[in-house]
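# Predicted model, plus sequence, below.
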Amino acid sequence: MKPLSRVNTQLARIKADIRQQIAAGELLQGQKLLGERALSEQFSTTRITLKDALIALETEGLIYREERRGWYVSPPRICYNPLSRYHFQQMIHEQSRIADTKLLNVVKMPASGVYQEVLSVERGCPLLLIQRLRYIDGRAVLFVENVLKEYLFAGILCFDLTDSLTAIYRNEYGYQTQRSRFEVIPTSAPSHVAKALNLAEGQPVLKICRVNYKQDGELMDCEFEYWRPDAVKIQIDSERL
């Protein structure tokens, strides 16, 4: 077994070398890194040590991995203010990036479990679950579940659900989001989220739970966002609130 100090030295050297290559433009945004076997040979280290270094760089937002495809250089993180009233497309466009949304699934379901708890409704209350996958510059980075009280949104399935739901609430139902409550939790990706984002099941994601209240104070929906952690940073400026 290698001494811990030697392993730490190898980790630091690998991370510093890859950081320097990215900073110098030798590795470009979206470029695929060498395979783990080739990198471990290049750095004369074990696959375990090499993997630890890559995971650390992923945590820093410098690289990301695609399940069964390998490691890639990350684009800059998106700045995300959860308190902003901007919808996803607007937020991304204002940062000179390209946004897209794909509707994955819509399910009518009775309230139970976490959805019942978060929405504070009776068990069995009819809910709508809308699942969408969101892209930045062509890369899937965000899996979103919106859970709505069905009786508040009659006919909503007739609208284009790849558009901003906030805009649909406002324009079609007259609902304004008066306040929101947030929880931000680093967690592991559930299997359905991992599959959509091309992650390994259990890989780290940033989960944001948002509960929205309309202008009369009634809780109307909740949103569960699962972000690739290399793709986003939370930035709140109280002067702009």
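Cool, got the structure.
# Give me the sheet partners of the host helix or strand of residue 207 and which way each runs.
Secondary structure from DSSP states H and E places residue 207 in strand 204-214. Paired neighbours of strand 204-214 in the sheet (DSSP bridges): strand 177-188 (antiparallel), strand 219-227 (antiparallel).
# And the first one, what's buried?
Across strand 177-188, burial judged by 16 or more other Cβ atoms under 10 Å covers residue 177. (Glycine included, C-beta is placed from N, CA and C.)
# if we look at that strand, which residues are touching it?
82-83, 85, 166, 169, 201-217, 229, 234 (Cβ atoms under 8 Å, 6 or more residues apart in numbering).
# The residues you listed, buried ones only, as a PyMOL selection?
Buried residues among the contacts of strand 177-188 (16+ other Cβ under 10 Å), as a PyMOL selection:
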select buried, resi 166+169+203+204+205+206+207+208+209+210+211+212+213+214+229
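# which regions of the chain lie under the pLDDT threshold?
Along the chain, the parts satisfying pLDDT under 70 run over 1-7, 238-241.
# the strands in it, which residues?
Using DSSP state E, the strands of the chain run over residues 63-66, 70-73, 78-80, 99-110, 126-136, 139-149, 177-188, 204-214, 219-227, 232-234.
# which helices and strands sit right next to the second one?
Spelled out, it's strand 70-73. strand 63-66 (3 or more Cβ pairs under 8 Å, 6 or more residues apart in numbering; DSSP states H and E).
# End to end on stretch 203-222, go ahead and measure it.
Start to finish, the residues bounding stretch 203-222 are 24 Å apart (Cα to Cα, to the nearest Å).
# which residues sit in contact with the closest residue to residue 124 other than its chain neighbours?
The shortest distance from residue 124 to any non-neighbouring residue, by Cβ to Cβ, 6 or more residues apart in numbering, is to residue 110 (4.4 Å). Applying Cβ under 8 Å, 6+ apart to residue 110 gives the contacts 123, 124, 125, 126, 127.
# Generate a ChimeraX selection restricted to the buried subset of those.
Per 16+ other Cβ under 10 Å, the buried members of the contacts of residue 110 correspond to this ChimeraX selection:
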select :125,127
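# can you list the contacts of residue 110 in JSON lines and add distance to residue 40?
Below are the contacts of residue 110 laid out as JSON lines (distance: Cβ to Cβ, whole Å):
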{"residue": "123", "distance to residue 40": "52"}
{"residue": "124", "distance to residue 40": "54"}
{"residue": "125", "distance to residue 40": "53"}
{"residue": "126", "distance to residue 40": "54"}
{"residue": "127", "distance to residue 40": "48"}
